[in-house]
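> Here's a sequence, model it:
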Amino acid sequence: MQQNTEAGVAGSGARSSSSPVVGASAAPDPMRLYKSVDGYKAIMEWYESLEEKITVPFESLYVNTRFGRTHLLATGPTDAPPLFLISGVAGCAPLWRRQLESLSTDFRVYAMDIPGQPGRSDPNPPSFLNEDYSNWLLDVLDDLGIERAHFAGISAGAWIAMRFASLHPQRTRKVVMLGPTGISGARLPVKIWLGRVAQKWKNADVLQDDLTARSVSSKSPGGTFGTFDRQLARAMALCTRHYRVDRSLGIYNEATGKVNIWEGLRVLRKFFLPEKDAVLRQFAVPGLLVFGEHEVLYDPHAVGRKAQKLMGSIRVEVIAGAGHAAIYDRPEVVDPLVIEFLRA
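As a prediction, this is how the structure comes out:
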């Protein structure tokens, strides 16, 4: 097993550099995914500050994949069932800080920096248009010497986990899908983007303050809005300001210096249009679907019913007072559900 281990001290994020990093001499320049050096520093400073909030001992690991090195934050007993946490687009490992704490009693938890997304993994994004992400997860499991594992993903990360389980059920125990894309058609939140994000993208601090549950959640019948994780708001604001999402999604044409519109539309289809019913029927492992009641992309109850019709014995939970990122917004409710489901 080729991997680098750096110890993380609970609450400090401190690291030891005594172990060599595999493939470090050939590591690509992460700056290609950022708009400026200052932007890269701002995001990594935020990343490290969030690591310092983790209250349990953790390790910083690197494993080798066909997309370069993948970085993981790992905690929990090494002999416990493995559980991999997969972020959505522009997410990263320390956003799972509360899950690293609450899930590590029962599981060996690995929070992942996806290649080509913010964090410490190499800047080589897999493609959403083929089986790259499933092949990447296979490489991670193989390099860690893990035969089968649980997976939990949020948004596009949930689609990655769902797709991997459909293609490789023999490597999958159970899957938790949190506000997933790919099951049903989703609404493109144009009003939110034009009304809030696009107008304030030049100032991450102002945008962070403005990103609230009102920004990303639909209004409830009672006139209230769900909770919204402030660190997720900070990540969204910083990435909107400093991160090259076009390159991370593989839709930037280096030769012309422009976004490839056709490729961009194909990627958007993956995010906002459902997989074919035949693809969804391939899902045959135990699954848990978790939605926030204020989900902005689609009607969570309708999507849950569709999943139960097409995807076997899927369990569906709709969380009160939460939006698209229910496990970040209300970990005190969602984390026990995840633990109970995976342990059952």
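
> Please name the residues that touch I114.
70, 86-87, 91-92, 121, 125-126, 157 (Cβ atoms under 8 Å, 6 or more residues apart in numbering). Where you see a C-beta, it was placed from the backbone N, CA and C, and this is true even at glycine.

> Export those as JSON lines, with columns for secondary structure and distance to L238.
As requested, the contacts of I114 are exported to JSON lines (DSSP: H, G, I helix; E, B strand; the rest coil; distance: Cβ to Cβ, whole Å):
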{"residue": "T70", "secondary structure": "strand", "distance to L238": "21"}
{"residue": "I86", "secondary structure": "strand", "distance to L238": "20"}
{"residue": "S87", "secondary structure": "coil", "distance to L238": "14"}
{"residue": "G91", "secondary structure": "coil", "distance to L238": "12"}
{"residue": "C92", "secondary structure": "coil", "distance to L238": "11"}
{"residue": "S121", "secondary structure": "coil", "distance to L238": "17"}
{"residue": "P125", "secondary structure": "coil", "distance to L238": "18"}
{"residue": "P126", "secondary structure": "coil", "distance to L238": "22"}
{"residue": "G157", "secondary structure": "helix", "distance to L238": "18"}
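
> Identify the residue nearest the geometric centre of this structure.
Per Cα atoms, centre = their mean, the C-alpha nearest to the average position across the chain is that of S87, at 0.7 Å.

> any idea how far that residue lies from T256?
30 Å (Cβ to Cβ, to the nearest Å).

> Pull the number of nearby residues for the residue nearest to H242 when sequence neighbours are not counted.
Distances taken as Cβ to Cβ, 6 or more residues apart in numbering place G39 nearest to H242, at 2.8 Å, with adjacent residues excluded. G39 has 19 neighbours, counted by other Cβ atoms under 10 Å.

> Next: N130.
Other residues within reach of N130, judged by other Cβ under 10 Å, total 9.

> which ones are touching the closest residue to the residue nearest to the centre of the chain other than its chain neighbours?
The shortest distance from S87 to any non-neighbouring residue, by Cβ to Cβ, 6+ apart, is to G157 (5.1 Å). By Cβ under 8 Å, 6+ apart, the contact list for G157 reads 86-88, 91, 114, 178.

> for stretch 148-167, what is the average pLDDT?
Mean per-residue pLDDT for stretch 148-167: 97.

> So which bits of it are buried?
Of the residues in stretch 148-167, those with enough neighbours to count as buried (16 or more other Cβ atoms under 10 Å) are 149-167.

> before we move on, which element is the residue lying closest to S102 once chain neighbours are set aside in?
Nearest residue to S102, sequence neighbours excluded (Cβ to Cβ, 6+ apart): D335, at 4.3 Å. For D335, the enclosing helix or strand under DSSP states H and E is helix 331-343.
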